[in-house]
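Asker: Pasting the sequence and the predicted model now:
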Amino acid sequence: MQRFTTLLSAAVLTTGLMAGVAQAQESTTASDQAQTQAQAQTQNFSDEQLQKFADASQEIAVISQDYTKKLQGAEGEEAQQSIREEANGKMVEAVEGSGLDVETFNSIGQAIQQDPELMKQVQDMTQSQ
């Protein structure tokens with residue numbers, strides 16, 4: 001259980017990081033973001049999508065741990081920003097490598113935060129690996 005909580009925390013943290021990247025790329029408005037969150041609450045995700053989310057989340061947790069250590073050792077704001085950007089790139093690669101796009105990954109992450117049953121379903125998927 002603690003492993004999954006850590007995994008989910010990293011995924012949620014990453015969701016926030018990648019959302020910033022996606023926003024910069026797409027320049028969405030506040031109403032678009034609210035609509036995306038509302039869709040995350042009502043969207044039904046396939047088992048395949050949830051499994052891909054679980055797989056990507058595990059990779060992201062490892063990346064997050066590695067880059068947190070690097071970030072702690074970085075001196076200066078410029079060095080820290082460079083490390084954050086590199087970490088974001090690796091996390092986006094992990095998500096896309098799992099077969100999901102960043103938007104879908106973020107939607108699942110938001111839905112999991114709001115739906116305990118969905119969270120349990122993803123938790124079960126990670127524990128069965």
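Answerer: Alright, I've got the coordinates. This one's a predicted model, so the numbers in the text were calculated from it and none came from an experiment.

Asker: Leu118 against Ala111, yeah?
Answerer: Yes: if you go by C-beta atoms under 8 Å, Leu118 and Ala111 touch, sitting 5.7 Å apart. C-betas here are computed from N, CA, C, even on glycine.

Asker: what is in contact with those two at once?
Answerer: Phe45 (C-beta atoms under 8 Å, 6 or more residues apart in numbering).

Asker: Same drill for those two, tell me which one is more crowded.
Answerer: Ala111 (22 against 16; other C-beta atoms under 10 Å).

Asker: same for the helix ranked longest in the chain, what does it pack against?
Answerer: Secondary structure of the chain per DSSP state H: the longest helix is helix 47-73. The contact analysis (3 or more C-beta pairs under 8 Å, 6 or more residues apart in numbering; DSSP states H and E) places helix 47-73 against helix 2-26, helix 77-97, helix 102-114, helix 116-127.

Asker: Return the angle between stretch directions for it and helix 77-97.
Answerer: 160 degrees (axes from the mean of the first three to the mean of the last three C-alpha atoms, to 10 degrees).

Asker: any idea of the mean pLDDT in helix 47-73?
Answerer: The average pLDDT within helix 47-73 is 93.

Asker: and if you look at stretch 89-102?
Answerer: With pLDDT averaged residue by residue, stretch 89-102 scores 96.

Asker: In it, which residues are buried?
Answerer: 90-92, 94-95, 98, 100, 102 (16 or more other C-beta atoms under 10 Å).

Asker: Which member of these is positioned nearest Thr126?
Answerer: Thr126 lies nearest to Ser98 out of the buried residues of stretch 89-102, by C-beta to C-beta, at 12.9 Å.

Asker: For the closest one, which non-adjacent residue is closest in space?
Answerer: Ala56 (3.9 Å; C-beta to C-beta, 6 or more residues apart in numbering).

Asker: Same check on Gln43?
Answerer: Per C-beta to C-beta, 6+ apart, closest to Gln43 is Ser107, 6.2 Å.
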